[in-house]
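S.K.: fold the following and give me the result.
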Amino acid sequence: MKCKDAIQQITGYLDGNVDDELKQMLEVHLKCCHHCQVVFDTTKKTIELYCDGKIFPLPNAVRSRLHDALREKWEARSK
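M.R.: Coordinates of the predicted model:
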């Protein structure tokens, strides 16, 4: 799994909306990739803080904006 793919799947993973195979692939990637692990941890903590420690699914518009922002930051770091 590439970083771009992992980042695109983070919110689905946190929402519990990925199949077992994708979940396992993402978990393996996160163990090996410090940058994606930081994005994952930050996203999870932000959601937990915002929701008073409870994880709730993000509205599609928010999820889309989050994905776009993360993708832009990742692409900027890759240049």
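S.K.: alpha carbons only for contacts and neighbour counts from here, please
M.R.: Will do.
S.K.: wait, what's in contact with the residue nearest the centre of the chain?
M.R.: With distances taken as Cα atoms, centre = their mean, the residue of the chain nearest its centroid is residue 10 (2.4 Å). Residues near residue 10 by Cα atoms under 8 Å, 6 or more residues apart in numbering: residue 40.
S.K.: just the mean pLDDT for the helix or strand where it lies, thanks.
M.R.: Using DSSP states H and E, residue 10 falls within helix 3-15. Helix 3-15 shows a mean pLDDT of 89.
S.K.: in the helix or strand that comes right after that helix, what's buried?
M.R.: Using DSSP H and E, the helix or strand that directly follows helix 3-15 along the chain is helix 20-32. Buried residues in helix 20-32, counted by 16 or more other Cα atoms under 10 Å: 23, 26, 29, 30.
S.K.: from those residues, pick the one nearest residue 65.
M.R.: Checking the buried residues of helix 20-32 against residue 65 with Cα to Cα, the nearest one is residue 26 at 21.0 Å.
S.K.: wait, doesn't that closest one sit right on residue 6?
M.R.: Yes - contact criterion Cα atoms under 8 Å: residue 26 and residue 6 qualify, at 6.0 Å.
S.K.: report the longest helix in the protein, please.
M.R.: Using DSSP state H to define each element, the chain has its longest helix at helix 60-78.
S.K.: now for that one, which elements pack on it?
M.R.: helix 3-15 (3 or more Cα pairs under 8 Å, 6 or more residues apart in numbering; DSSP states H and E).
S.K.: what's the spacing between the helix it packs on and its chain's center?
M.R.: 4 Å (Cα atoms, centre = their mean, to the nearest Å).
S.K.: list the buried ones in it?
M.R.: Buried residues in helix 3-15 (16+ other Cα under 10 Å): 3, 6, 7, 8, 9, 10, 11, 12, 13, 14.
S.K.: what ranges in this structure fall below the confidence cut-off?
M.R.: Scanning the chain for pLDDT under 70 picks out 52-56, 79.
S.K.: alpha carbons of stretch 37-45, in PDB - could you do that?
M.R.: The C-alpha trace of stretch 37-45 is given here as PDB (Å, rounded to 0.1, in the frame of the first residue of the first chain):
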ATOM      1  CA  GLN A  37       1.100   7.000  11.500                       C
ATOM      2  CA  VAL A  38       1.400  10.600  12.400                       C
ATOM      3  CA  VAL A  39      -1.500  11.600  10.100                       C
ATOM      4  CA  PHE A  40      -3.600   8.700  11.500                       C
ATOM      5  CA  ASP A  41      -2.900   9.600  15.100                       C
ATOM      6  CA  THR A  42      -3.500  13.300  14.500                       C
ATOM      7  CA  THR A  43      -6.800  12.600  12.700                       C
ATOM      8  CA  LYS A  44      -8.000  10.200  15.400                       C
ATOM      9  CA  LYS A  45      -7.100  12.600  18.200                       C
END
